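**Q** Here is the input, now give the coordinates:
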Amino acid sequence: MNRSRRSFLKVAGLSAFALSSGMAALTGLAGTARAQIAPGRYVRNEKSLTAKRWAMVIDTRQFRGPQDYEPLIEACHTAHNVPHIPGNQNIKWLWLDSYPHAFPDDMNAHINDRTRQASYPLLCNHCSNPPCVRVCPTQATYKMEDGIVAMDYHRCIGCRFCMAGCPYGARSFNFRDPRQFLPNPVPNPAFPTRMIGVVEKCNFCVERLAEGKMPACVEASRGKLLFGDLEDANSTVRQALAANYSIRRKPNLGTQPGVYYLI
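**A** Residues are numbered from 1 along each chain as shown. As a prediction, this is how the structure comes out:
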């Protein structure tokens, strides 16, 4: 048996396991996905930023158009060595899309034209009940105690069940070697590059939080993106949500996204 056949059988076996595990996990649920917290950890020190439940609030009212989001996307992709691959195999951590695609279940047929015609920044929603975590057969994607849905690239076997499980299209698969599309040296040598055959996505800049820094996109937004503890009534995100109307993507799914939009 050659290597390719052994590899195929390995993935097929794990995929079957993932399917059976996923079906078992779905049994008995009443409209809400459930995912356990895995034992993943990032090294912290006295400077680390901590929260019981990290959340992001995007004030879309302060953005005039797609060009205003470009510095945020550039900051995110530079900090995490995200390559630009031409064609339909590009990798995205933070990207833009239209209102109908971002919020397909909106029932307000009379929303104002500015809101309906604007572009919106999309990213991993770091759900409280992430279905991607539930279906991963190797715990390559896992939920941390502070609500961040993280990735362990070394555990990823490329089965892409997390991509199928994510209802937000927030994950990208490396069909090609991403390192071939990065400059040498890479933009951020401190952050690991990925390899062909693994899935990647936004991680709420968990490595920056461990160093006492805000997420790269939040810093680049100059106050237009807020980041803080959703369970702290005095946090900036809670104050913003209390004082403004906000929406989340596909709230009817019961995943409880951690990203809010002020419109």
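**Q** Buried ones in stretch 234-249, by neighbour count?
**A** Ser235, Val237, Arg238, Ala240, Leu241, Ser246, Arg249 (16 or more other C-beta atoms under 10 Å). (C-beta placed from N, C-alpha, C; glycine too.)
**Q** Not counting sequence-adjacent ones, nearest residue to the first one?
**A** So that's Ser235. Distances taken as C-beta to C-beta, 6 or more residues apart in numbering put Gly228 closest to Ser235, at 3.7 Å, once the chain neighbours are dropped.
**Q** So the one you found: helix, strand or coil?
**A** strand (DSSP: H, G, I helix; E, B strand; the rest coil).
**Q** Out of the buried residues of stretch 234-249, the closest to Asn45 would be?
**A** Among the buried residues of stretch 234-249, Ser235 lies closest to Asn45 (C-beta to C-beta), at 21.6 Å.
**Q** any idea how far that closest one lies from Phe227?
**A** According to C-beta to C-beta, to the nearest Å, Ser235 and Phe227 sit 9 Å apart.
**Q** Which residue ranges of the chain form strands?
**A** Assigned by DSSP state E, the strands in the chain fall at 54-59, 95-98, 119-122, 141-143, 149-151, 172-173, 199-200, 225-229, 246-247, 259-262.
**Q** can you tell which of the ones you listed is closest to Glu207?
**A** Nearest of those (C-beta to C-beta): strand 149-151, 9.8 Å.
**Q** so how far is that closest one from its chain's centroid?
**A** Relative to the centre of its chain, strand 149-151 is centred 8 Å away, using C-alpha atoms, centre = their mean, to the nearest Å.
**Q** Quickly run through the sheet partners of it, with directions.
**A** Sheet partners assigned to strand 149-151 using DSSP bridges are listed as strand 141-143 (antiparallel).
**Q** chain center to the partner strand, what's the gap?
**A** Worked out by C-alpha atoms, centre = their mean, strand 141-143 lies 11 Å from the chain centre.
**Q** Excluding chain neighbours, give the residue nearest to Arg208 in space.
**A** Take Arg208 and drop its neighbours on the chain: the residue closest to it by C-beta to C-beta, 6+ apart is Pro215, 6.2 Å away.
**Q** just to revisit the earlier point, which one of the strands of the chain lies nearest to Ile85?
**A** strand 172-173 (9.3 Å).
**Q** helices or strands up against the closest one?
**A** strand 199-200 (3 or more C-beta pairs under 8 Å, 6 or more residues apart in numbering; DSSP states H and E).
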